[in-house]
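Participant: No letters, just coordinates:
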DNA sequence: GCTTACATACCGACTGGTTGGTATGGCGTC
DNA sequence: GACGCCATACCAACCAGTCGGTATGTAAGC
């Protein structure tokens, strides 16, 4: 029978291994071993290691995109509640080891931003593309709650991603999710304060 | 004497090159070339590449520690003003290319956290040690402005570092400091809101 | 129905260059 | 003449990438 899954197995292996030990420290042989395929399969599907990184970043965008699209935080009627529910959802994802809950794009872009512009662009597209899915809810929340400031919905959306990426860094430094959860709590509190929402029902 | 110590030159080279291209992608030969010394000098001062990473993290702690200790943000009488001035100071440092203003410890810990615990610990000490220098001002600000919440001075100090580390990641993704400056503005606004400080005199 | 031709998916031994690390020896200073 | 400091030469391991090959399917030609 024809096996078409070598490519997918390699992409999943890349996301798993690179998040744990970084991109440059991960060899092609190691990925092949993890994926259970040979080097021939690797270079059949990807013309280079860098090409795999780009494909893996796109794969990461797709899988996480599907996860967030199907998440329950879109349910509330009030757009602000949706934004707060998003932050809660992100906080709930902070479980297990840092290698398990951190971001492939954020990890990879730190290593490749100055040396490979295609990888940098693919990682940027992943992070910024996700941020853009938050803009509609934030914009509606600003109008609905009559909030105006010298900041835009996009800048707040990107700030949420900055907080999460930074929380990942601190979690890696400690080896524990706790410090990341604390930052997510601060992020939630910031949004509550921006929109004058009482902080009483926070699930901390 | 003009001739700087080979050790210091290697440490400075490591901080410069690793911030640009990551730790694993940086070879010993490359560092020696950058520092203008030979491999013999490298392995005379450091028993391994990993040992250099630990020493570089400690060196980073010392040089940045001196920078922040001598910075003007300690001047204001009101502790809250000192905290806000700290954030402004960090924002002003966001100039040039990402490789120039980002954090060696944050960059390195992402690559080494799961594979080398000594490097991880040295990077954690750098980031957390800096955060701890903020705790006194935040604690005083909480008492002085009679602010209480379900958060601690240390957790806010660590949150500032998370925001900055995340801002670095986004800056690397875009290749530009602008997105990091925006996150620093959000961080300042959060602290102002936490302490009920008017946001009129912000220098955005 | 059978041949020929070509495309896709994958295998694994191999290569040339690079890697972190070593062995040894020179040189200035105490 | 011991010792810190550093240079040169070298090595085994590992690296990304190559290449000739196999297995399977597909489709045209007759």
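Facilitator: Cool, the structure landed. Just so we're clear, the structure is a prediction, and the values are computed from it rather than from any experiment.
Participant: ok, now how distant is residue A:126 from residue B:102?
Facilitator: Taking C-beta to C-beta, to the nearest Å as the criterion, residue A:126 is separated from residue B:102 by 19 Å. Glycine gets a C-beta too; all of them are placed from N, C-alpha and C.
Participant: Just want to know which of the two has more residues nearby.
Facilitator: residue A:126 (26 against 23; other C-beta atoms under 10 Å in any protein chain shown).
Participant: residues contacting that one?
Facilitator: A:57-58, A:60-61, A:64, A:104-105 (C-beta atoms under 8 Å, 6 or more residues apart in numbering or on different chains).
Participant: Now with 10 Å, please.
Facilitator: Contacts of residue A:126 were listed using C-beta atoms under 10 Å, 6 or more residues apart in numbering or on different chains, and they are A:56-62, A:64-65, A:103-106, A:108-109, B:173.
Participant: the strands in chain A, which residues?
Facilitator: When secondary structure is read from DSSP state E, chain A shows no strands.
Participant: residue contacts, the residue in chain A that DNA strand C sits nearest to?
Facilitator: Using C-beta to the nearest atom of the strand, the point where chain A gets nearest to DNA strand C is residue A:40, with a distance of 1.9 Å. For residue A:40, the set of contacting residues under the criterion of C-beta under 10 Å, 6+ apart consists of A:6, A:32.
Participant: Leaving out chain neighbours, which residue sits closest to residue A:46?
Facilitator: Beyond its immediate neighbours in the sequence, the residue positioned closest to residue A:46 (C-beta to C-beta, 6 or more residues apart in numbering or on different chains) is residue A:52, lying 4.3 Å away.
Participant: List the buried residues of the lengthiest helix in chain A.
Facilitator: Among all segments of chain A classified by DSSP state H, the helix with the greatest residue count is helix A:117-144. The neighbour-count criterion (16 or more other C-beta atoms under 10 Å in any protein chain shown) identifies A:119-128, A:130-131, A:134-135, A:137-142 as the buried residues of helix A:117-144.
Participant: cool, and stretch A:29-43?
Facilitator: Using 16+ other C-beta under 10 Å as the test for burial, stretch A:29-43 gives A:31-32, A:34-35, A:37, A:41-42.
Participant: try stretch A:163-182
Facilitator: If you call a residue buried by 16+ other C-beta under 10 Å, then stretch A:163-182 has these buried ones: A:163-175, A:177, A:179-182.
Participant: follow-up on the earlier one: mind listing which of the contacts of residue A:126 are in helices?
Facilitator: Counting by DSSP H, the contacts of residue A:126 place A:56-62, A:64-65, A:104-106, A:108-109, B:173 in helices.
Participant: Just give the number of residues close to the nearest residue to residue A:119 once chain neighbours are set aside.
Facilitator: Once flanking residues are discounted, residue A:119 sits nearest to residue A:112: 4.0 Å by C-beta to C-beta, 6+ apart. Burial of residue A:112 is recorded as 26 neighbouring residues (other C-beta under 10 Å).
Participant: Taking chain A, what residue is nearest to chain B?
Facilitator: Of chain A, the residue with the smallest distance to chain B, taken as C-beta to the nearest C-beta, is residue A:166 at 2.9 Å.
Participant: Next up, the contacts around the closest residue to that residue other than its chain neighbours.
Facilitator: In space, residue A:166 comes closest to residue B:166 once its chain neighbours are excluded; the distance is 2.9 Å by C-beta to C-beta, 6+ apart. By C-beta under 10 Å, 6+ apart, the contact list for residue B:166 reads A:106, A:158-170, A:183, B:106, B:180, B:183.
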